[in-house]
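[1] Using only what follows, build the 3D model:
(4 chains)
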Protein chains: 2
Amino acid sequence: MPRTIRSDKAANLVAPKTPRPASAKAVRPSAKVVKPAAASVEQVDTRYLQSLMGYNARRAALSIIELFLDRLAPYGLKPVDFSVMSTIGHNPGVTSRQLCAALNLLPPNLVGLIQSLEARGLIERKPHPHDGRAVGLHATSKGQALMVQAEQTATELETEKTAKLTPAERKTLLSLLQKIYL
Amino acid sequence: MPRTIRSDKAANLVAPKTPRPASAKAVRPSAKVVKPAAASVEQVDTRYLQSLMGYNARRAALSIIELFLDRLAPYGLKPVDFSVMSTIGHNPGVTSRQLCAALNLLPPNLVGLIQSLEARGLIERKPHPHDGRAVGLHATSKGQALMVQAEQTATELETEKTAKLTPAERKTLLSLLQKIYL
DNA sequence: TATTGTTATACTCTATAACTATA
DNA sequence: TATAGTTATAGAGTATAACAATA
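    Presented below is the predicted three-dimensional model:
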């Protein structure tokens, strides 16, 4: 059964703009307090998590991926499919192992993905010129045509998602992120 | 069965530093070409993917989370457990729904998590002062003590992972990421 | 002996529908 | 009628071990 409904994800992404500190120690009961029972929270304070790079990178990535799934669905491509197809397209003859190393994937998880792309006529497997064990992967003309459209859609979607950033900020952000994982 | 071995993940993260362009169109067969068969790839070119914010944000996030899993394992906390515990700690009396909205989680996926934290004696559930349907979540003294250590470990780990960034760059990166998902 | 691609499989993560108790 | 919390469950994602063919 395909995943279709996206429901309240957008609403969940609405975060508090100006949270008020609510530390346990900071709550000093005054003499006028009527209900000494359990306290309630008005605005959730997530400032500590927002100081963590991992949290922010993950939230930003999921925010972009959410839109990516919608926009690339017409092409039948999920993020990993897209990354694999794009890398094959830009590296004709690349092997599965090379894809795994470049995209940080595990070989067993790539098998079904490659088979699916081949079954759809988007890629072809040719014998590797130097290594009899390996198989070279090549995008078909159909696959190339699909990826021209898909990459354009992805670029547009990214422009929308980074609309609050200036071109300079966008370039800076890409560079800083790569300083973390490369 | 717990996940223990991490194997070649680190090796997979080693990405090409100076990829050579290998576009299909750019390959112009000269008259001296001996093997007109399938081509092979030396260095995988991932420059297009590296121009996408979603790709870079995801790779950076996974890189940090990988270390996070190792360092926080002694506390029995995965990223989501950590986020939930931290948010409860800084927001005594917060409800499940508020946690879901603030952290972009789905209610059904939070139930088992909360029950687990309660069973470990890290949090307590108290009746909500204003809403009979809701339950206020509170960190126990044991949970508070754990999170003091856990948050310190997380902060240290993040400092290591962002060691290539200056403090100013780190602050800039956090700010730019929040411009995407907030 | 080491590596490529593969199979089988298990665990985790994420998502949906539907129910109850209360507002 | 709408919302908070819950249950059950399905699907996707991620991980390990082990194997055959080739280097």
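[2] Pretty sure residue A:55 sits in a helix.
    Yes: assessed with DSSP: H, G, I helix; E, B strand; the rest coil, residue A:55 lies in a helix.
[3] give the contact list for the nearest residue to residue A:139 once chain neighbours are set aside.
    The shortest distance from residue A:139 to any non-neighbouring residue, by Cβ to Cβ, 6 or more residues apart in numbering or on different chains, is to residue A:89 (4.5 Å). C-beta here means a position set from N, CA and C on the backbone, and glycine is covered the same way. By Cβ atoms under 8 Å, 6 or more residues apart in numbering or on different chains, the contact set of residue A:89 is A:139, A:143, A:144, A:147, B:24.
[4] My guess is residue A:150 contacts residue A:71. True?
    No: between residue A:150 and residue A:71 there is no contact under Cβ atoms under 8 Å: 9.3 Å.
[5] When the two are compared, which one has more neighbours?
    residue A:150 (22 against 17; other Cβ atoms under 10 Å in any protein chain shown).
[6] tell me the contacts of the more buried one?
    So, once contact is read as Cβ under 8 Å, 6+ apart, residue A:150 ends up touching A:72, A:75, A:77, A:82, A:85, A:86.
[7] for residue A:124, same thing?
    A:118, A:137, A:138, A:139, A:140.
[8] Now do the buried residues in stretch A:122-134.
    Under the neighbour-count criterion of 16 or more other Cβ atoms under 10 Å in any protein chain shown, stretch A:122-134 has A:122, A:123, A:124, A:128, A:134 buried.
[9] Just the ones of these in strands?
    A:123, A:124 (DSSP state E).
[10] Could you point out which of the buried residues of stretch A:122-134 is nearest to chain B?
    Minimum distance to chain B across the buried residues of stretch A:122-134 is 6.3 Å, recorded for residue A:128 (Cβ to the nearest Cβ).
[11] Give me the pLDDT for residue A:19.
    pLDDT, residue A:19: 42.
[12] picking that back up, may I ask which helix or strand encompasses the residue nearest to residue A:139?
    In this structure, residue A:89 sits in helix A:79-90 according to DSSP states H and E.
[13] ok, that helix near DNA strand D or not?
    Yes: residues of helix A:79-90 contacting DNA strand D under Cβ under 7 Å from any atom of the strand: residue A:80.
[14] tell me the angle the helix or strand following that helix makes with helix A:79-90.
    Following helix A:79-90 in sequence order, the next helix or strand is helix A:96-103 (DSSP H and E). Per axes from the mean of the first three to the mean of the last three Cα atoms, to 10 degrees, the angle that helix A:96-103 makes with helix A:79-90 is 110 degrees.
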